[in-house]
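[1] Predicted model follows, preceded by the sequence.
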Amino acid sequence: MNILYCGDIHIAQGLVLSVISLKNHVKEPLHIYVLTMSLTLNDQSYQPIDKQTISVIQTIVQEKNPKSTVEAIDISELFLNEMPHMNMSTRFTPYCMLRLYADKLDLPDKILYLDTDVLCRRSPLEFYNQDMEHYELAGVLDHYGKWFFHEKPFRFDYMNSGVLLLNLEMIRKTRLFERCREYCSTHQMFMPDQSAINKLVTYKKLFPRKYNEQRKLQCDTVFQHFTTSFRAFPIVHTVSIKPWNRQGMHDVLHLHEYDNLYTEYDRFIMNRI
């Protein structure tokens, strides 16, 4: 199974937790690719994912299956050559757009992209093994965005980009990611990569929410995605708790489903100290 993540040094905790959750539900070899880069923007420096984190991840996946592999790919030069100029200062870091460069890399044609705030709860093989021959990508509707954004009138068609099964061969043929990069360079957007993908994708498959549960854990949830959500009581407010915030997971979300991941995380990290 081929897995794609993107980010800088700040995603390390989420990346390790997400990989542990995958390892616990996949017997097959995991081939994990992490796109990263160095970047200085508005006097702020971003550092690529570090070698120690990659080494920890390799230990994690090879403990389950020795055939598993982990590779960090620095795409600093690619990014600087095709910068998304209009979206370099949004509330999201530029690293969220790194996946849009996947078509220019020597990656497997079929690869599952995951945000680092996504945890696996059941086997994802049914989702991963679907036939993608005639599709660019497959995903799940965005929990909130589907109500407000529509590419076709009166249809729910706006996807969340945190869990996407990619067919890079088809994406190269249709130039989907190339067009997304161009669009991000000329149009300012709130969620640039997600907005560009939704606007420009032609051949997509939509799947049930259990493959990208963005609201509340369900009995059939395969991937739980810890996005920002709204709560109505006592007053309307937002809640944004990520998996690496253990206290928030327990005290705010009242969620202990993933406590075993924290135990494993501590074991792997302590072994590296």
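    Yep, that arrived.
[2] Now do the helices in the stretch 51-200 of the chain.
    51-64, 76-81, 125-128, 145-148, 168-174, 176-186, 192-200 (DSSP state H, counting those that start in this stretch).
[3] Reformat the ones you listed into a markdown table and put mean pLDDT and mean neighbour count next to each item.
    (Glycine included, C-beta is placed from N, CA and C.) Rendered in a markdown table, the data for those read as follows (pLDDT from 0 to 100; neighbours: other C-beta atoms under 10 Å):
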| stretch | mean pLDDT | mean neighbour count |
| --- | --- | --- |
| helix 51-64 | 97 | 17 |
| helix 76-81 | 94 | 13 |
| helix 125-128 | 98 | 16 |
| helix 145-148 | 62 | 14 |
| helix 168-174 | 99 | 18 |
| helix 176-186 | 96 | 20 |
| helix 192-200 | 94 | 22 |
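[4] I197 contacts C180, correct?
    Yes - using C-beta atoms under 8 Å, I197 makes contact with C180 at a distance of 5.9 Å.
[5] intersection of neighbour lists for these two?
    L100 (C-beta atoms under 8 Å, 6 or more residues apart in numbering).
[6] Flag the shaky bits of the protein, pLDDT-wise.
    Residue ranges of the chain with pLDDT under 70: 89-91, 144-154, 229-237, 272-273.
[7] out of everything not next to it in sequence, what's closest to the most centrally placed residue in it?
    For the chain, the residue nearest the mean C-alpha position is D115 (1.9 Å; C-alpha atoms, centre = their mean). Nearest non-adjacent residue to D115, counting by C-beta to C-beta, 6 or more residues apart in numbering: G162, 3.9 Å away.
[8] The one you found touches T116, doesn't it?
    No - judged on C-beta under 8 Å, G162 makes no contact with T116 at a distance of 9.4 Å.
[9] Have a look at those two and say which one is more surrounded.
    Remark: of G162 and T116, T116 carries more neighbours, 24 against 21, as counted by other C-beta atoms under 10 Å.
[10] rewinding a little: contacts only, for the residue nearest to the centre of the chain.
    D115 neighbours (C-beta under 8 Å, 6+ apart): Y5, S161, G162, V163, H225.
[11] would you turn the helices of the stretch 51-200 of the chain into a markdown table with distance to C219?
    A markdown table is the format used below for these (distance: least, C-beta to C-beta, whole Å):
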| stretch | distance to C219 |
| --- | --- |
| helix 51-64 | 25 |
| helix 76-81 | 41 |
| helix 125-128 | 16 |
| helix 145-148 | 22 |
| helix 168-174 | 33 |
| helix 176-186 | 34 |
| helix 192-200 | 28 |
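[12] Looking at those helices, which is nearest to Y265?
    helix 51-64 (9.2 Å; C-beta to C-beta).
[13] Outside of that closest one itself, list whatever touches it.
    With contacts defined as C-beta under 8 Å, 6+ apart, helix 51-64 is touched by 9, 12, 15-16, 19-20, 23-24, 26-27, 30, 32, 34, 68-70, 72, 264, 268-269, 271-272.
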